[in-house]
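Undergrad: what's the 3D shape of this:
(2 chains, ligands or ions: 2)
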Amino acid sequence: MSVQSLEIRRSSASVWGSPSGMRSVPTVAKYIDTSTCIGCKACEVACQEWNDLPPLSTQQVGTYQTMPTLDAGFWNLIRFDEREVEGGLMWLMRKDQCMHCAEPGCLEACPAPGAIVQYANGIVDVNQDNCIGCGYCETGCPFDVPKFHAKTGKMAKCTLCVDRSSVGLEPACVKACPTGCLHFGTKEDMVALGSLRVDQLKKGGFTTAALYDPQGVGGTSVVTVLAHADHPEWYGLPRDPHVPLGVRFWKNILRPVGLLAIAGAFVAAVGHYFNFGAKQVQGSADSETNLPQV
Amino acid sequence: MSAVPIRDRALDDAVTVARDREDVAVGNEIVRHRLSSRLIHWSVALSFFVSVLTGMPIWTPFFRWMADLFGGLSVCRFIHPWAGIVFTVISTVQFFHWLGDMKLEPNEKDWLGPRAWKYLKYQGDDSEVGKYNGGQKLFFFAVSLGALGLLVSGVVMWYPLSFSQLVRELSILLHDVTFILFSAAIIWHIYLGTAAEPGTFGSMVRGTVTKAWARLHHPRWYREVTGQK
Ligand code: SF4
Ligand code: SF4
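TA: Ligands and ions are numbered 1, 2, ... in the order given. Next up, the predicted model:
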């Protein structure tokens, strides 16, 4: 639900855009270090608790993962992957949730005015009262995050605890994490923290470590340290996420062109009428006047 | 004493005949569309406009105001797919109802090109035009194909999670392109059927046209129906 005290940078399906800039608001971000995550799932529980989401029955997927994907009633999922890397066994855990993209595909695709908003601080949020449950956001999101709630028919996802962060508290997941692998602050600080950790990892032998902050979507307000950043797919992350081409083409080209085409057809019809007038029937059938012209 | 309107007996007769027969001359009138044809046409039109008016506000916020005709965007989102289903069902009925009359003749392919321009400039040679001209036949097949495209892509958009990302994106584009072409075509369909060609609209209301109209626009059909030259 949109937070009144926060300035809105972008709003779905808005004709004029949402001018912001009255306040000086730094972009915030959540920092996730997958290399120190122990998979305890305290964040999953904290998320359910803070957001008053009723417990969902877990699904056995053959790993230590709670359920196969995110859900409209389950916004924070520790993904689990077990694989052999250079002769050693690795448990790869990644906290999966909305990435709060700087250029959110969900927002771009959404047709309902104000259903998805991006606050000036970078958080992407859903207004369920404006959402019409069309599902375009699912097609727009490169991270497979938005899901429908079976009961409400509306989209729901992680809000980056906007109700907490807007009053100076860290998100519930960050608060609950026992290992300190989650942090919350300005994007700048979180990226700096990430670079420090990446350097440490590199020194420790993880030469391909890097911070996942994909520029294809303008960067994200969830930055993730990956020890094996050359294989983001091991963590269930796309290598080079973008707002899908089809969605961009549809909104930025097809729609304006279509509007022009429809208006053009109308103008052409009016023009035709002024130029050629009506094809009048003259006289009766028997007179020569109605013989078709040759 | 109020004036008693003068009733055109011949026209009344024609309208009566038009209930269940078409392609017959009654007095100075010719029945062009019997009642069932007209009902099908207007059912397609009605479901089309409900679909358009509920779809356009979802298409772009410029038309957000249309949603208020139905009680808001959520209502539109609910009505639109069902109106679309009704539209495709009646369009299917329409397709088979008219298919027999719509057989394309060999030279009617020209209507895709210069022949259509000539027609619009009122310079075409219409002497061999039967009940429907080439443009009308092509329009018939185009809207039937369009209805199919809207149905297929619409089902995907209705149940996005049952289809892959690629199929979903393609469906959105197909739904859009079809809708755009469809709307442009319908604007011209309405224009030609009303302002541009007086006497045509009546064929979809009363069911009849005058002989003079038939001789001007569809001479071969006129000859076939009346046996006159
Ligand atoms: S991750 Fe998906 S749902 Fe979250 S902001 Fe990006 S596009 Fe939207
Ligand atoms: S389902 Fe997604 S795209 Fe559709 S209105 Fe709701 S938030 Fe917007």
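Undergrad: When you work out contacts or count neighbours from here on, use the C-alpha atoms and nothing else.
TA: Will do.
Undergrad: Can you give me the neighbour number for residue A:112?
TA: Neighbour count for residue A:112, taken as other C-alpha atoms under 10 Å in any protein chain shown: 27.
Undergrad: For it, give its distance to residue B:65.
TA: 12 Å (C-alpha to C-alpha, to the nearest Å).
Undergrad: now residue A:154
TA: 22 Å.
Undergrad: Looking at those two, which is more packed in?
TA: residue A:154 (22 against 14).
Undergrad: list the contacts for the nearest residue to residue A:113 once chain neighbours are set aside?
TA: Spatial nearest neighbour of residue A:113, excluding adjacent residues (C-alpha to C-alpha, 6 or more residues apart in numbering or on different chains): residue A:13 at 4.5 Å. Applying C-alpha atoms under 8 Å, 6 or more residues apart in numbering or on different chains, we find residue A:13 in contact with A:108, A:110, A:111, A:112, A:113, A:114, B:60, B:61.
Undergrad: Please, where are all the strands along chain B?
TA: B:24-26, B:29-31, B:208-210 (DSSP state E).
Undergrad: distance between stretch B:135-142 and the chain's centre?
TA: In terms of C-alpha atoms, centre = their mean, to the nearest Å, the centre of stretch B:135-142 is found 9 Å from the chain centre.
Undergrad: buried set for that stretch?
TA: B:135, B:137, B:138, B:139, B:140, B:142 (16 or more other C-alpha atoms under 10 Å in any protein chain shown).
Undergrad: Just the CA atoms of it, as PDB, please.
TA: Extracted in PDB, the C-alpha atoms of stretch B:135-142 (Å, rounded to 0.1, in the frame of the first residue of the first chain):
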ATOM      1  CA  GLY B 135     -13.400  -5.200 -50.700                       C
ATOM      2  CA  GLN B 136     -16.400  -6.400 -48.600                       C
ATOM      3  CA  LYS B 137     -15.300 -10.000 -49.100                       C
ATOM      4  CA  LEU B 138     -11.700  -9.200 -48.100                       C
ATOM      5  CA  PHE B 139     -13.000  -7.300 -45.100                       C
ATOM      6  CA  PHE B 140     -15.100 -10.300 -44.100                       C
ATOM      7  CA  PHE B 141     -12.100 -12.600 -44.200                       C
ATOM      8  CA  ALA B 142      -9.900 -10.100 -42.400                       C
END
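Undergrad: what's next to that stretch, contact-wise?
TA: By C-alpha under 8 Å, 6+ apart, the list of residues contacting stretch B:135-142 from outside reads B:95, B:102, B:103, B:104, B:108, B:111, B:112, B:116.
Undergrad: cool, and stretch B:50-70?
TA: Under the criterion C-alpha under 8 Å, 6+ apart, residues A:13-15, A:111-113, A:255, B:73, B:75-77, B:79-81, B:83-84, B:87 lie in contact with stretch B:50-70.
Undergrad: per-residue confidence averaged over that stretch?
TA: Averaging pLDDT along stretch B:50-70 gives 96.
Undergrad: Quick check, residue A:156 in contact with residue A:150.
TA: No - Residue A:156 lies out of contact with residue A:150 (C-alpha atoms under 8 Å); the separation is 10.5 Å.
Undergrad: who's more crowded, these two?
TA: Neighbours around residue A:156 and residue A:150, counted as other C-alpha under 10 Å, are more numerous at residue A:156. The numbers are 23 against 11.
Undergrad: List the residues that contact that one.
TA: A:72, A:73, A:126, A:128, A:146, A:147, A:148, A:149.
Undergrad: can you tell me how far it sits from ligand 2?
TA: Using C-alpha to the nearest ligand atom, to the nearest Å, one obtains 8 Å as the distance from residue A:156 to ligand 2.
Undergrad: Good, wrapping up.
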